[in-house]
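**Q** Sequence first, predicted model second:
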Amino acid sequence: MSGAAELQLSSGQLQEIVDAIAAAVRPTIIDLGGHTFSGDLVDDVLLIPESTRKNSISIRKGTLELPPGSQLVVRGWGVRLEDVTIKGTGPAGRRGGLGYEFRHADFTSFLWVDGGGVSLANCSLQFQGGTTVMPQEDDVPQKGPEHLAAMVEKGGSLEMDTCVVSAGGRTLGAGQGTSLSLHKSQLHGGVAVRDGCQAKLSSCNTQAASSKGLCLLVTGAGTRAIATQSSFDDGQGGCIRVCDGATADLTSCTSTRTIQGYGAHVDGAGSRLAMRQCVLGPGHASSCIHVTAGAATDLVGCECHHPLSEHGLCVEGAGSCAVAKQCVFRDTPDDCVVVVAGATAELTDCRAHDTQGIGLKATGAGSCLTATSCRVHDVAVSGIVATEGGQLKLVSCESYNCKVGQGLWVQDAGSSAAARQCKFYKNDGSNVYVADAATAELVNCEVLASVNSTGMQAKGKGSRITAKECKVQDNNIGAIVVCEGADADLAGVDATNLFIQDAGSSATARDCRFHGVKTGACVAIGGGCVVKLRSCKMYDARSSPGLTIQGSGAKVSARDCRFESNHGDGIFVSDGSAAELVGCKVQGNGSSTSIEVSLQAKVTAKGCSLDKPVHAHLAGEYVSLDTASSSPSSPHGASALRVSAPSLRTLAPGMVTLSSSGQRSPNASSPKAGSSSRSLLRPSLTVDLSSPGSSSQDASPSPGTSGGLSPMGTPRGHALVLQDITIVRTASGGMAPRKIVSVSSLRRKQ
């Protein structure tokens, strides 16, 4: 201090210091010589008055031991303490002998910066006496006033550099224009910033070892705290709290261990916590970060891990929001990230993993979680979840290795998920599961290799999956399952198979491919289901038909579809179901028939190409709506066969004549009464040989006339199977008696 007077004091009496300060008429350095100064004080105050604003005071190298009820009060500016220890041996009085009173009746302090400015370097504040009662998270004292190590108000300023504040009291800054600047200091009593104060902490270690204490409290509109490379540990009532419209910005800080409360708690409209490259955990009693009551948090490059209970990040309540980028949430006993009760969160390039709960969750009406380029993996339950009306918006995310649940789980009316360019794979449950009237829309997603369940599943009335340009392959049970009244809308999907079951379930597929299924059909539809297939391909079913429709009330409409290279039939329809085929191709399948219809099922076809016959039996019905035609590539493209079984009749092998009306002609051979020679019990058959434009003369051929079956569109040398009865065409055109023989399978007639 240039031009300053230097005083050497050695009496050991505090009053000597007071007198020296009062006598200073110019900047003064008071050297305590390493001695301890104690004793009574006039008015119980060691005062550095306002007059020192012009005559700065510096006190060095010694110990100030304040008696019970006494205070060090700084009203002057330019005050500096170096290598000084200040000890408080008891609670400071609320009113000093000079007649002034604290503005905050809830606090007392033994270092009171009352509108002045003081800096401490290499100093120690040791609060030793009295019972320090720290406030809980709502900052309401449990009993009596809180006794502080230091308090700054009325526009005052306190700077600490390489100082230690003992666990006995908190450092508090309060009021507009008030400032705290703390550097490389050990603040074992915690720090509170309130009522418009501005605080900066750098390279500090802050603890709150006293009962109910917080490491850092920032509260009140206009209040702000900035902390860099600092730690907040062992909070008895939580580590960090930002509330009532205050803001805090933390960079490269850590928060560990709380006996009660959160690692960081942000609450109240206008409150905001920004954290950059911070670590929260391990050891917090509750969530690492909790945002509620309309508050906000902004996280970049942070890590939340190993809380003792609850979550990595919890955002709760309407108006509350969180934005996280490049963050990690892991090793939590409950969900890694949860958005609840109308809150919102936006995550970008984040990871959530190794939790005992769910990775990312939005729950409750109005809750919305948006995730971009995030990865969720190795969680004990499900990866990404929306329930009770929560909403998910996912872009370029991955969810995998969920050990029990689903990769994506959307449940309950009002819950929804929209996923773009995402991957859901290698999950123990369904990769994508939508239930109980929830909805999900997937675009350009990959749904792969579920371990023990389905790729996609929609379950329950009102549930709906919309998938566009997605790949659904290599899943353990099935690629896409729609059941219990759910619905699916598929476009451009490449999947192993599609399974629709349970009455009321429905699906529409456009420009999709279903192929490579090892067990079952490419597309399987159960009773009471309604399905529309448009321009789809079903091929390479390894053990079954391309399309199976089984069950009363099942209805399928297929247009411009292809059923090719399947192990069984191209199409199998039975058990009272119905199919309408328009412009479809059924070819190259492993069975001897293109389409099999049985058990009161019905198929109508128009403009279809079949390379093998239709097998209609057991009251099955196949109806072509085309005139006779054929082509080399589809020789059975216009079969006009109609088969029904209204009654039973014994038909013996031999020659019969069938008219266009389907009645046996009078000259047809009849079984003799009591004859048992190769008599077979068969359903009666109606074979409609008529075609549009045929004359009545053509429809009533005379016995013995030779001819083909061109109205039926059946090529020479082939056969149509009707309940193991083959109608064989003759060598030339016209209508003629047909030889009916019992056969066990379809075969080419030479």
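**A** Here it is on my side, so go on. Residues are numbered from 1 along each chain as shown.
**Q** Give me the distance between residue 38 and residue 14.
**A** Per C-beta to C-beta, to the nearest Å, residue 38 is found 6 Å from residue 14. Heads up, the C-betas are built off the backbone N, CA and C, glycines and all.
**Q** shared neighbours of the two, anything?
**A** Common contacts of residue 38 and residue 14 (C-beta atoms under 8 Å, 6 or more residues apart in numbering): 65, 66.
**Q** what about the stretch 501-650 of the chain, any weak spots by pLDDT?
**A** Along the stretch 501-650 of the chain, the parts satisfying pLDDT under 70 run over 627-650.
**Q** Kindly recompute the last result at 90.
**A** Across the stretch 501-650 of the chain, the ranges flagged by pLDDT under 90 are 617-619, 624-650.
**Q** if you count what's nearby, which of residue 38 and residue 14 comes out ahead?
**A** Between residue 38 and residue 14, counted using other C-beta atoms under 10 Å, the more crowded position is residue 14 (22 against 17).
**Q** Tell me who's in contact with the more buried one.
**A** Contact analysis of residue 14 by C-beta under 8 Å, 6+ apart lists 37, 38, 39, 40, 41, 46, 64, 65, 66.
**Q** hmm, which of these are the buried ones?
**A** 37, 38, 41, 46, 64, 65, 66 (16 or more other C-beta atoms under 10 Å).
**Q** Make JSON lines out of those and add distance to residue 612, secondary structure and pLDDT.
**A** Below are those laid out as JSON lines (distance: C-beta to C-beta, whole Å; DSSP: H, G, I helix; E, B strand; the rest coil; pLDDT from 0 to 100):
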{"residue": "37", "distance to residue 612": "111", "secondary structure": "strand", "pLDDT": "95"}
{"residue": "38", "distance to residue 612": "110", "secondary structure": "strand", "pLDDT": "92"}
{"residue": "41", "distance to residue 612": "112", "secondary structure": "coil", "pLDDT": "86"}
{"residue": "46", "distance to residue 612": "108", "secondary structure": "strand", "pLDDT": "86"}
{"residue": "64", "distance to residue 612": "105", "secondary structure": "strand", "pLDDT": "93"}
{"residue": "65", "distance to residue 612": "107", "secondary structure": "strand", "pLDDT": "90"}
{"residue": "66", "distance to residue 612": "105", "secondary structure": "strand", "pLDDT": "86"}
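**Q** Tell me the one of those nearest residue 341?
**A** Nearest to residue 341 among the buried ones among the contacts of residue 14 is residue 66, at 49.3 Å by C-beta to C-beta.
**Q** What residues are bridge-paired with that closest one?
**A** residue 88 (DSSP bridges).
**Q** one step back: which pair of the contacts of residue 14 spans the longest distance?
**A** Spanning the widest gap among the contacts of residue 14 are 40 and 64, at 13.4 Å by C-beta to C-beta.
**Q** Need the three-state assignment for residue 43.
**A** Secondary structure state of residue 43, per DSSP: H, G, I helix; E, B strand; the rest coil, is helix.
**Q** quick one on the thing from earlier: any idea which of the buried ones among the contacts of residue 14 is closest to residue 461?
**A** residue 66 (75.4 Å).
**Q** mind checking how far the closest one is from residue 125?
**A** With distances taken as C-beta to C-beta, residue 66 is found 11 Å from residue 125.
**Q** Ok, residue 478 next?
**A** Separation of residue 478 from residue 125 (C-beta to C-beta): 69 Å.
**Q** Which one's more surrounded, those two?
**A** residue 125 (29 against 23).
**Q** measure the more buried one to residue 607 for me?
**A** Using C-beta to C-beta, we find residue 125 at a distance of 93 Å from residue 607.
**Q** Residue 62 now?
**A** For residue 62 relative to residue 607 (C-beta to C-beta), the value is 106 Å.
**Q** So for these two, which residue has more residues nearby?
**A** Ranked by neighbour count (other C-beta under 10 Å), residue 62 and residue 607 place residue 62 first, with 22 against 16.
**Q** my read is the more buried one is in a strand, agree?
**A** Yes: under three-state DSSP, residue 62 falls within a strand.
**Q** Need the pLDDT of it.
**A** Looking at residue 62, its pLDDT stands at 96.
**Q** is it in a bridge, and if so with what?
**A** Beta bridges link residue 62 to residue 84, judged by DSSP bridges.
**Q** go on, residue 586?
**A** Beta-bridge partners, per DSSP bridges, of residue 586: residue 563, residue 610.
**Q** residues contacting it?
**A** Residue 586 touches 546, 562-564, 570-571, 594-595, 608-612, counting by C-beta under 8 Å, 6+ apart.
**Q** As CSV, those residues with neighbour count would be great.
**A** Listed next are these as CSV, based on neighbours: other C-beta atoms under 10 Å:
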residue, neighbour count
546, 30
562, 21
563, 33
564, 17
570, 31
571, 33
594, 27
595, 31
608, 27
609, 20
610, 27
611, 17
612, 20
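**Q** Let me have those in JSON lines, extended by distance to residue 521.
**A** Below are the contacts of residue 586 laid out as JSON lines (distance: C-beta to C-beta, whole Å):
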{"residue": "546", "distance to residue 521": "6"}
{"residue": "562", "distance to residue 521": "14"}
{"residue": "563", "distance to residue 521": "10"}
{"residue": "564", "distance to residue 521": "13"}
{"residue": "570", "distance to residue 521": "10"}
{"residue": "571", "distance to residue 521": "9"}
{"residue": "594", "distance to residue 521": "15"}
{"residue": "595", "distance to residue 521": "13"}
{"residue": "608", "distance to residue 521": "18"}
{"residue": "609", "distance to residue 521": "20"}
{"residue": "610", "distance to residue 521": "18"}
{"residue": "611", "distance to residue 521": "19"}
{"residue": "612", "distance to residue 521": "17"}
